[in-house]
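Undergrad: Sequence first, predicted coordinates after that:
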Amino acid sequence: MPESEVSAKANVNKDTDGDGLPDIWETKGYDYDGDGKIDVDLKALGADPKKKDIFIAYAWMPKGPDEAKSHKPTPAILNAITKAFARAPVSNPNGTKGIKVHWKNLGSIPYKQNLNLTATNWAEFDAIMDRKVSPAERAIYHRMINGRQYDGGFSSGLARGIPASDFVETLHSSATTAQRAGTIMHELGHNLGLRHGGIDHENYKPNHLSIMSYANQFDWLIKNGQPYLDYERFVLQDLYENRLDEARGLTRKGGDRPIANYGVRWFTNGKGYFKGADANKNVNWSASGSATQKNVPVDINNSGTRTVLRAGYSEWDHIVYDGGQIGASANKAARKPIPLPPDALKELSLEEHQRMQRSIIEIK
């Protein structure tokens, strides 16, 4: 291939900020069909080739017969997520930190109590959203439906895979701002390549300070005594459930000082516990005696067995920006989702979470 052609191809695919959207799209717009006309003007939408951008288009259902309001995400819900991404510990070529989230309200869709949707069958989702999001926009936008229910159950949501570009949030419209924002960011996290356990699929790990863990999805993390919406930003140490050191609590590679402001949640023998501060020391995993015991054997993620709970994985450093149909890969072959164990994306329901919360105990 002539050098000039190689240079031209490299320029077309150049993505300075690494957000999956080529620079030429973010500066000149995206010409999907190559007819010389811009189909999506990303610059007009606020995109910046030197600042990471994520675009999300959402369609929502009106209220159901047992609901007092619609499923439309409120400004407070969307703003909470926007702020969480804006403060992400992610560097940009323009010298700033964070990721800019752009929302597109596609309007309402007909109410349906139960979407015919499973992990492997998204035909009804596509039938709804393909009419609202053009093929050109599919290379730009994650697509989200806010509805009541899918597959006859009460799961809080579902992503099309890990990574992917489609997902649903399915909570009763009376759910709180925190519950809905946590769930939307959780499902979006799967689209962005994140799992329930950070480095793996293991759930409820205390050493996974992220809303990707069911321990934090609805109530968020605890930071400075307040709820905090975030993915994992620390590289924490593994926890050995056969020999836990309570005096050490959670430990961070490189020093524990940043996690001194955080609380921690854990679950054992069907009961939930939390410590509201100082997660880096004196965590009474056994919920008995002092919080300084060593070699304590406790199943602290309620898995039914004692194992090594792996950590050492900052999720913000592993975001996949071009999952599913997003990005230049949409012109060729979409990025393939990673293989998943059975029920890996079967999400916790709000009802299940509330039952667990009735027995939660604070340990100081």
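TA: Received the coordinates, thanks.

Undergrad: And the residue nearest the centre of this structure?
TA: Using C-alpha atoms, centre = their mean, the residue of the chain that lies closest to the mean C-alpha position is Gly189, 2.2 Å off.

Undergrad: Let me know whether it touches Trp316 as I believe.
TA: No - with contacts counted by C-beta atoms under 8 Å, Gly189 stays clear of Trp316, the gap being 10.5 Å. (C-beta placed from N, C-alpha, C; glycine too.)

Undergrad: what do those two both touch?
TA: Common contact partners of Gly189 and Trp316 (C-beta atoms under 8 Å, 6 or more residues apart in numbering): Tyr231.

Undergrad: what ranges do the strands span in the stretch 151-300 of the chain?
TA: Under the criterion DSSP state E, counting those that start in this stretch, the stretch 151-300 of the chain contains strands at 157-159, 166-170, 221-223, 226-228, 239-240, 264-268, 271-275.

Undergrad: helices and strands around the third one, which ones?
TA: Packing partners of strand 221-223 (3 or more C-beta pairs under 8 Å, 6 or more residues apart in numbering; DSSP states H and E): strand 226-228.

Undergrad: Which strands border the strand it packs on, and is each parallel or antiparallel?
TA: strand 221-223 (antiparallel) (DSSP bridges).

Undergrad: Which pLDDT value belongs to Lys336?
TA: pLDDT for Lys336: 71.

Undergrad: do you know how far it is from Val320?
TA: Separation of Lys336 from Val320 (C-beta to C-beta, to the nearest Å) stands at 11 Å.

Undergrad: who has more neighbours, these two?
TA: Between Lys336 and Val320, counted using other C-beta atoms under 10 Å, the more crowded position is Val320 (18 against 11).

Undergrad: neighbours of Tyr273, just the number please.
TA: If we define neighbours as other C-beta under 10 Å, then Tyr273 has 21 of them.

Undergrad: got the contact list for it?
TA: Counted by C-beta under 8 Å, 6+ apart, Tyr273 has contacts Arg265, Trp266, Phe267, Asn284, Ala287, Ile360, Ile361, Glu362, Ile363.

Undergrad: Where do the domain boundaries of the chain fall?
TA: Listed domain ranges for the chain are 21-193+320-345, 198-318 (source: automatic domain parsing).

Undergrad: Any chance of JSON lines for these, columns distance to His353?
TA: Listed next are the domains of the chain as JSON lines, based on distance: least, C-beta to C-beta, whole Å:
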{"stretch": "domain 21-193+320-345", "distance to His353": "8"}
{"stretch": "domain 198-318", "distance to His353": "5"}
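
Undergrad: nearest to Gln354, of the ones you listed?
TA: domain 198-318 (8.5 Å; C-beta to C-beta).

Undergrad: where does this structure dip in pLDDT?
TA: 1-11, 329-335 (pLDDT under 70).

Undergrad: Recalculate using a threshold of 90.
TA: Low-confidence regions of the chain, defined by pLDDT under 90, span residues 1-13, 253-257, 269-270, 288-290, 328-346, 355-359, 364.

Undergrad: Ser83 - nearest residue in space that isn't next to it in sequence?
TA: Not Ser; residue 83 is Lys. Of all residues not flanking Lys83 in the chain, Leu229 sits nearest, at 7.7 Å (C-beta to C-beta, 6 or more residues apart in numbering).

Undergrad: Please name the residues that touch that neighbour.
TA: Here Leu229 is in contact with Ala80, Ile81, Lys83, Ala84, Ala178, Ala181, Gly182, Met185, Ile211, Trp220, Leu221 (C-beta under 8 Å, 6+ apart).

Undergrad: Just say helix, strand or coil for the second one.
TA: Think Ile81. helix (DSSP: H, G, I helix; E, B strand; the rest coil).

Undergrad: check contacts around it.
TA: Val101, Ala181, Ile184, Met185, Leu188, Leu229.

Undergrad: Looking at those, spot the one nearest Asn203.
TA: Met185 (16.4 Å).
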